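Chemist: Sharing a model that was predicted from the sequence below.
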Amino acid sequence: MTALPQPYRHADAEAQIVRIADSYQRLTGRTLVPPGADPVLALWEAPLVILAHGIEADPLFFFGNRAAIERFETSLDYFLGSPSRFSAEEPLRKERRALFDRVERDGFIDDYAGVRISAKGRRFRITQATVWTLIDGHGAVHGQAAAFDRWTELG
């Protein structure tokens, strides 16, 4: 195991990351964190891409695990606070908005497929992604998260 990056080493960030795992389990009935593991470190080190954005008018990423940073070919410092819409090319952003509307309505989906783009401009198609709403124990919505481990590089 490696150390948790500095941006995730404070109480507010840890609470947000725990909410990612808790919401996933509450909505899907599945778990992202092995029993007894530290949820923050487990999500950071997970082999699948996990990322999350808030509820701003133009939602900003507040979490990306190591796999997400690698897949999107960026740095953690650049990724955090970036508008999540930049993960899709301009013509595909309408499709992305329809996805988020569906997640808002249903709580989660586990069959999402779509084209994404890395910070270096490389396009890839993700499949069988799970996207879910981040909800706290009081029912307040804090954003949305996604997890995937299947993609195909595109030309």
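Modeler: Okay, I see it. Computed from a predicted structure; not experimentally measured.

Chemist: hey, let's count contacts and neighbours off CA atoms from now on
Modeler: Noted.

Chemist: Point me to the residue sitting closest to the centre of this protein.
Modeler: Residue closest to the average C-alpha location in the chain (CA atoms, centre = their mean): Leu51, at 1.9 Å.

Chemist: which element is that one on?
Modeler: strand 49-53 (DSSP states H and E).

Chemist: Could you do Arg97 as well?
Modeler: Counting by DSSP H and E, Arg97 is part of helix 93-106.

Chemist: Can you list the neighbours in contact with that helix?
Modeler: The contact list for helix 93-106 (CA atoms under 8 Å, 6 or more residues apart in numbering) reads 85, 88, 109, 112, 131-133.

Chemist: The helix or strand just after that helix vs helix 93-106, what angle?
Modeler: Next helix or strand after helix 93-106 toward the C-terminus (DSSP H and E): strand 108-117. Per axes from the mean of the first three to the mean of the last three CA atoms, to 10 degrees, the angle that strand 108-117 makes with helix 93-106 is 170 degrees.

Chemist: for the record, mean pLDDT for strand 108-117?
Modeler: The predicted model gives strand 108-117 an average pLDDT of 91.

Chemist: cool, and stretch 37-45?
Modeler: 96.

Chemist: got the CA coordinates for that stretch in PDB?
Modeler: Taking C-alpha atoms only, stretch 37-45 is exported to PDB below (Å, rounded to 0.1, in the frame of the first residue of the first chain):
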ATOM      1  CA  ALA A  37     -10.400  -1.800   5.000                       C
ATOM      2  CA  ASP A  38      -9.900   1.900   5.300                       C
ATOM      3  CA  PRO A  39     -12.500   3.200   2.700                       C
ATOM      4  CA  VAL A  40     -10.400   6.200   1.700                       C
ATOM      5  CA  LEU A  41      -7.300   4.300   1.000                       C
ATOM      6  CA  ALA A  42      -9.200   1.400  -0.500                       C
ATOM      7  CA  LEU A  43     -10.900   3.700  -3.100                       C
ATOM      8  CA  TRP A  44      -7.600   5.500  -3.900                       C
ATOM      9  CA  GLU A  45      -5.900   2.200  -4.600                       C
END
